[in-house]
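>>> with the input below, show me the fold.
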Amino acid sequence: FLSGEFSATFDEVSNECEGSIVNGGELACEKQHSHFSRYDSNACTVTCGDGSEVNLPEGVCSNDQVKECTSEEVKRRLRNWVSKMWKTST
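Residues are numbered from 1 along each chain as shown. This next block holds a predicted model:
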């Protein structure tokens, strides 16, 4: 997937999984009254502007890194995570 940290805007995402991570990360950070800063594919976390971290959903990471975005299961889990973040932020 990616090595290390990644900072992205919606214009810079390269696949569906990155888009979901950025989208879900923004929603998760907003819930904490912060903003999305970056995600670390090795730590499987999203980092908010205030330094707090949010774990990516279970099943998205393996061996301390985000799985390849070729798996429909990974895509589904990320979509569900974004949906959950959206529902709890409204």
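>>> could you check the pLDDT of T9?
On the pLDDT scale, T9 is placed at 45.
>>> now F6
50.
>>> buried set for stretch 47-59?
47-48, 54, 56-57 (16 or more other C-beta atoms under 10 Å). C-beta coordinates here come from the backbone N, C-alpha and C atoms, glycine included.
>>> gap between the two ends of that stretch?
By C-alpha to C-alpha, to the nearest Å, the extent of stretch 47-59 from end to end equals 19 Å.
>>> over to stretch 41-50?
19 Å.
>>> one step back: which of the buried residues of stretch 47-59 sits closest to S34?
The closest of the buried residues of stretch 47-59 to S34 turns out to be C48 (C-beta to C-beta; 3.9 Å).
>>> touching, the closest one and L27? I think so.
No - the pair C48 / L27 is not scored as a contact, 10.9 Å apart, by C-beta atoms under 8 Å.
>>> ok, the nearest residue to D64 once chain neighbours are set aside to H33 distance?
Spatial nearest neighbour of D64, chain neighbours left out: N42 (5.9 Å); criterion: C-beta to C-beta, 6 or more residues apart in numbering. Separation of N42 from H33 (C-beta to C-beta, to the nearest Å): 27 Å.
>>> which of these two has more neighbours?
Just comparing N42 and H33: by other C-beta atoms under 10 Å the higher neighbour count belongs to N42, 16 against 10.
>>> can you classify the more buried one as helix, strand or coil?
With DSSP: H, G, I helix; E, B strand; the rest coil as the basis, N42 sits in coil.
>>> okay, it: pLDDT?
N42 carries a pLDDT score of 88 in this model.
>>> what's the longest helix anywhere in the chain in contact with?
Scanning the chain for the helix with the most residues, using DSSP state H, yields helix 72-89. By C-beta atoms under 8 Å, 6 or more residues apart in numbering, the residues outside helix 72-89 that reach it are 16-17, 20-21, 23-24, 27-28, 30-31, 56-60, 66-69.
>>> one more time with 6 Å, if that's ok
With contacts defined as C-beta atoms under 6 Å, 6 or more residues apart in numbering, helix 72-89 is touched by 16-17, 20, 23-24, 27-28, 30-31, 57, 59-60, 67.
>>> point out where this protein drops to low pLDDT.
Scanning the chain for pLDDT under 70 picks out 1-13, 89-90.
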